[in-house]
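Q: Let's see this in three dimensions:
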Amino acid sequence: MKVLVIGNGGREHALVWKLKQSKRIEEIFVAPGNAGTEKLAENIDIEATDINKLIDFVKKEKIDLTVVGPEAPLVTGIVDAFEAEGLKIFGPNKAAAQLEGSKVFSKNFMKKYSIPTAKYETFTNVDNAISYIKEEGAPIVVKAEGLAAGKGVIVAQTVDEAIAAVEEIMVNEKFGEAGERIVIEEFLAGEEATVLAFTDGNTIVPMIPSQDHKPAYDGDQGPNTGGMGAYAPAPIATENLMSKVYQEILVPTIEGLKEEGIIFKGVLYSGLMVVDGKAKVIEYNVRFGDPEAEVVLPLLKNDLVDVIEATIEDRLDQVDIEWLEKTAVCVIMASGGYPVRYEKGKEISGIEEAESEDIVVFQAGTALKDDKLVTAGGRVLGVTALGNDYQDTIDKAYEGVKQIDFADAHYRTDIGAKAIK
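A: Down below sits the predicted model:
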């Protein structure tokens, strides 16, 4: 069969890498892809949100299955458009994608269906938002309503920081239309975990739990990013906690959507804060996380095509999903200055030396220029290692990182430290 993967980040490279292992696939295309996907598949110069061009390409090439990586095309309604043309595509439709596309929708949804989450209020008026912050005090969390590439959430430690965040989003329009409405919510002090789940709208199969590292610097300091690394499985997500997450979060989410007349098919991402052994939802996403995909997919034993098709065809209950009994750690190597200002075009070396049987380097912000591999984004590479225990795997991942070189490379040195602690 022929498969198209949509997107150009580390998550998409991981998806292509996993799909490439399927005996059922003859050819993989990626739109638009990056320098890493080009080694495994054929990159197509079509942007992830250019739905009409993507449909034309799929029809022309007789693509059997399309897999959507990023959130923007899902929120725009790519699944609805493909299905209207009778084309097979993996991901939730536009109505279901509101869970990620609108933080106001998702918070109101959680409130309506008694899904545990932080206390919140929504605002369209700057003065009202500032008055609320002054009443509530800090620390407090300010969120742009719409999509902001993982950077629209500001955890403000002081009232002044929170007010500055409101002004940055609503007055300076840092995230454009995504910041026309904001959510202000209570700060939850705990440990984060991510639970991804495959669902066909009836059956829900949680994946192995992982933990992302959002802040830019060691010790969870600095501004939020799209993610500086991840590991799996996350020990904070005990068997008992996973059982509660299934019963109190995953099932009420899928059933609540059904009540709203929405069938969710694809990957549901629940970003959780675990406080005193109880999980609350910080955010939903409607696709594989990035960098979580880079640690979860390498631990999946199954042929990903089989799982995807079962999800699309409402027969997920017939698939036995299995996981390797190993640990995975991904360290993101970013451009110096990320997530604020950074330069592109720095030559990258050492990837081949870094890769081994237990280490794979997923490319994200990369490009080929004059036959040289160069940086082309904020998050450049995801160095993923597999091992038998956390310390072994962390050591392997950082050994891989040390082999790779590009000017001003920045990475956290404490990815996975919480797992050992």
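
Q: Spatially central, which residue of the chain would that be?
A: Among the residues of the chain, the one closest to the centroid is G289, at 1.9 Å (Cα atoms, centre = their mean).

Q: show me what contacts it?
A: By Cβ atoms under 8 Å, 6 or more residues apart in numbering, the residues touching G289 are 11, 194, 196, 210, 212, 227, 230, 269, 271. Where C-beta positions appear, they are placed from N, C-alpha and C, glycine not excepted.

Q: for the stretch 1-150 of the chain, what spans make up the strands?
A: In the stretch 1-150 of the chain, the segments counted as strands under DSSP state E, counting those that start in this stretch are 2-7, 27-32, 42-43, 65-68, 89-90, 120-123, 140-144.

Q: Deepest in the core, which of those is it.
A: Across the strands of the stretch 1-150 of the chain, averaging neighbours per residue (mean count of other Cβ atoms under 10 Å) puts strand 89-90 on top, at a mean of 28.

Q: quick one: it to chain centroid distance?
A: Centroid separation between strand 89-90 and its chain, computed with Cα atoms, centre = their mean, to the nearest Å, is 17 Å.

Q: which secondary structure elements does that strand contact?
A: Contacts defined by 3 or more Cβ pairs under 8 Å, 6 or more residues apart in numbering; DSSP states H and E place strand 89-90 against strand 65-68, helix 78-84, helix 304-312.

Q: what's that strand in contact with?
A: Strand 89-90 is contacted by residues 65-68, 78-79, 82-83, 265-266, 308, 311-312 when judged by Cβ under 8 Å, 6+ apart.

Q: go again using 6 Å as the cut-off
A: Here strand 89-90 makes contact (Cβ atoms under 6 Å, 6 or more residues apart in numbering) with 66-67, 79, 82, 308.

Q: do the same with stretch 173-188
A: Here stretch 173-188 makes contact (Cβ under 6 Å, 6+ apart) with 103-104, 107, 118-124, 132, 139-148, 152, 168-170, 273, 275.

Q: got the buried residues for that stretch?
A: 174-175, 178-179, 181-185, 187-188 (16 or more other Cβ atoms under 10 Å).

Q: what about that stretch, distance to the chain center?
A: Relative to its parent chain, stretch 173-188 has a centroid offset of 19 Å by Cα atoms, centre = their mean.

Q: got the end-to-end distance for that stretch?
A: With Cα to Cα, to the nearest Å applied, stretch 173-188 spans 26 Å between its terminal residues.

Q: swap in stretch 13-24?
A: Termini of stretch 13-24 sit 19 Å apart (Cα to Cα).

Q: in this protein, what spans have low per-residue confidence?
A: For the chain, the stretches flagged by pLDDT under 70 are 150.

Q: Give me the domain ranges for it.
A: Domains of the chain are assigned by automatic domain parsing as 2-93, 119-186, 196-305, 327-420.

Q: returning to what we had before: want to throw the contacts of strand 89-90 into TSV with distance to L15?
A: Shown next, in TSV, are the contacts of strand 89-90 (distance: Cβ to Cβ, whole Å):
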residue	distance to L15
T66	12
V67	6
V79	16
F82	17
I308	10
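
Q: Just name the most buried of the helices and strands packed on strand 89-90.
A: strand 65-68 (a mean of 25).

Q: Partner strands of that one and their direction?
A: Applying DSSP bridges, strand 65-68 is found paired with strand 2-7 (parallel), strand 89-90 (parallel).

Q: Relative to the whole chain's centre, how far out is that strand?
A: Its chain's C-alpha centre and that of strand 65-68 lie 16 Å apart, by Cα atoms, centre = their mean.

Q: do the same with stretch 131-146
A: Mean C-alpha position of stretch 131-146 versus that of the full chain (Cα atoms, centre = their mean) differs by 24 Å.

Q: swap in stretch 164-171?
A: On Cα atoms, centre = their mean, the centre of stretch 164-171 falls 25 Å from that of its chain.

Q: That stretch spans what distance, first to last residue?
A: One end of stretch 164-171 to the other measures 10 Å (Cα to Cα).

Q: Just the residues contacting it, thanks.
A: Stretch 164-171 is contacted from outside by 126, 129, 142, 144, 154, 156, 174, 179, 182, using Cβ under 6 Å, 6+ apart.

Q: mind listing which of those are in helices?
A: Residues of those located in helices (DSSP state H): 126, 129.

Q: As TSV, the contacts of stretch 164-171 with distance to L257 would be great.
A: Formatted as TSV, the contacts of stretch 164-171 follow (distance: Cβ to Cβ, whole Å):
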residue	distance to L257
V126	32
A129	29
V142	27
A144	23
I154	28
A156	31
K174	31
G179	26
I182	24
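
Q: ok, the contacts of stretch 164-171 vs D370, which is closest?
A: Comparing the contacts of stretch 164-171 against D370 with Cβ to Cβ places K174 closest, at 34.5 Å.

Q: circling back to that earlier point, would you reformat the strands paired with strand 65-68 as a markdown table and include distance to L15?
A: Listed next are the strands paired with strand 65-68 as a markdown table, based on distance: least, Cβ to Cβ, whole Å:
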| stretch | distance to L15 |
| --- | --- |
| strand 2-7 | 5 |
| strand 89-90 | 10 |
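
Q: nearest to Y411, of those?
A: Closest of the strands paired with strand 65-68 to Y411 is strand 2-7, at 22.3 Å (criterion: Cβ to Cβ).
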